[in-house]
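Chemist: build me a structure from this.
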Amino acid sequence: MHQRLNLPLSIAILCGILAGAMLLGVAVGETAIPFPRVISIIVSTLMPVTRDWTAAEETIILLIRLPRVILAALVGAALAICGAVLQSLFRNPMADPFLLGISNGAALGASLVLVTGLAVGAGILGVPLAAFTFGLLTIILVYELARVGNRVPVTSLLLCGIAVAAFMSAGTSFLLFLSGENLHQVVFWLLGGISGRGWEYVLLLLPFVIGGSILFLSLARPLNALMFGEESAQYLGIDVERLKKVVLVAVSLVTGAAVSVSGIIGFVGLITPHMVRLWAGPDHRALLPLSILAGAILLVLADLASRVILSPNELPIGIITALCGAPFFAYLLRRRSGET
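Modeler: This next block holds a predicted model:
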């Protein structure tokens, strides 16, 4: 561990910060509700408590803010751990969940539904289902284009991802040109946001985040070995090609699910692993669980900022993460170039 990092203590600290950030996110808004009352309302769903709140406050907390804050935490956790895993797989600090074109494919699927009205029968889940499906189809296309026999060279995968992402982005731009009165709705989705998302979106994303996190955490040791190169990992008995396939499929599923409910939120999967790595070091046994918590904290706070900065209006979360992430990433690049 990095400088004898106390992992249980670090996890406990981040869990406490996350709980505080989520409580703040639930309490603060256009209608401010005192913290004790917020806690009482949440606890009332588990056990009987003395009722000292109005029906309107209960609705705001349980049906609007709480699912939104939980969804922000899930999306942040999903993007952060996927970013950490991909940076290790590609041995590239610039890698993030959107590098392979998954987000561009998801954006095309969502835009198609928003502009044409397809999948009306799916109700409010029409957009996320289309985004998820197109995201998966994109990674399948990228994988098949990059495959050479039974191998998938990392460089080819990256280049194919860039090419397919550009093609998908062109399709989305064309739909934007045709969107007419739906332009605002499409643009808001493309900028990222979880406004108006209820419990059904939480339930849609939750199994992907839990399942993906468990899988990635179980791959901590193989990912550690991969940091020394593919040949070294093979000498240690790791099936590198199989590891690539498992990681790519899992990242595609988790990222596709996250993007489908939140739109495109950049920089979380890029800068969160860097922040954690500066603190905890490169060991994936610490990097992955801490990235999950740090990503959740980052997006919960970004969502809170998106609601507060221009209240009662709301900024897309993607703008907040870009405003914060871009300067930090520039600092990291300067720091790395100064060390070399």
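Chemist: give me the distance between the residue lying closest to Leu298 once chain neighbours are set aside and Val69.
Modeler: Distance criterion CB to CB, 6 or more residues apart in numbering; nearest residue to Leu298, sequence neighbours excluded, is Gly76 at 5.5 Å. For glycine as for every other residue, the C-beta is placed from the backbone atoms N, C-alpha and C. Between Gly76 and Val69 the distance is 11 Å, computed by CB to CB, to the nearest Å.
Chemist: those two: who's more crowded?
Modeler: Gly76 (33 against 25; other CB atoms under 10 Å).
Chemist: report the contact partners of the more buried one.
Modeler: For Gly76, the contact set (CB atoms under 8 Å, 6 or more residues apart in numbering) comprises Val268, Thr272, Gly295, Ala296, Ile297, Leu298, Leu299, Val300, Ala302.
Chemist: what touches both of Gly76 and Val69?
Modeler: By CB under 8 Å, 6+ apart, the residues touching both Gly76 and Val69 are Val300.
Chemist: pLDDT weak spots in the stretch 1-150 of the chain?
Modeler: 1-4, 118-124 (pLDDT under 70).
Chemist: rewinding a little: and which of the contacts of Gly76 is nearest to Val38?
Modeler: For the contacts of Gly76, the minimum distance to Val38 (CB to CB) is 14.5 Å, reached by Val300.
Chemist: packing partners of the helix or strand containing that closest one?
Modeler: Taking DSSP states H and E as the criterion, Val300 maps to helix 284-308. Under the contact criterion of 3 or more CB pairs under 8 Å, 6 or more residues apart in numbering; DSSP states H and E, helix 284-308 touches helix 7-27, helix 66-90, helix 199-218, helix 220-226, helix 268-280, helix 317-339.
Chemist: recalculate using a threshold of 10 Å.
Modeler: Helices and strands touching helix 284-308, as assessed by 3 or more CB pairs under 10 Å, 6 or more residues apart in numbering; DSSP states H and E, comprise helix 7-27, helix 66-90, helix 199-218, helix 220-226, helix 240-262, helix 268-280, helix 317-339.
Chemist: as a markdown table, those with distance to Leu46 would be great.
Modeler: A markdown table is the format used below for the helices and strands packed on helix 284-308 (distance: least, CB to CB, whole Å):
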| stretch | distance to Leu46 |
| --- | --- |
| helix 7-27 | 15 |
| helix 66-90 | 13 |
| helix 199-218 | 16 |
| helix 220-226 | 33 |
| helix 240-262 | 25 |
| helix 268-280 | 31 |
| helix 317-339 | 29 |
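Chemist: how about those, which one is nearest Ala233?
Modeler: That would be, of the helices and strands packed on helix 284-308 and by CB to CB, helix 220-226, which comes in at 4.4 Å.
Chemist: what's the mean pLDDT across that closest one?
Modeler: For helix 220-226, mean pLDDT is 91.
Chemist: ditto for stretch 245-262
Modeler: Mean predicted lDDT for stretch 245-262 stands at 89.
Chemist: buried ones in that stretch?
Modeler: By neighbour count on 16 or more other CB atoms under 10 Å, the buried set for stretch 245-262 is 247-248, 250-262.
Chemist: again with stretch 77-97
Modeler: Buried, per 16+ other CB under 10 Å, within stretch 77-97: 77-90, 95-97.
Chemist: cool, stretch 182-201 as well?
Modeler: Under 16+ other CB under 10 Å, the buried positions of stretch 182-201 are Asn182, Val186, Phe188, Trp189, Leu190, Leu191, Gly192, Gly193, Ile194, Arg197, Tyr201.
Chemist: which of those fall within strands?
Modeler: Among these, DSSP state E puts none in strands.
Chemist: returning to that earlier point: tell me the one of the buried residues of stretch 245-262 nearest Phe174?
Modeler: Once CB to CB is applied, the member of these that ends up nearest Phe174 is Val259, at 19.7 Å.
Chemist: show me the helices in the stretch 101-250 of the chain, by range?
Modeler: Counting by DSSP state H, counting those that start in this stretch, the segments of the stretch 101-250 of the chain that form helices are 102-116, 126-146, 154-178, 183-191, 199-218, 220-226, 230-235, 240-262.
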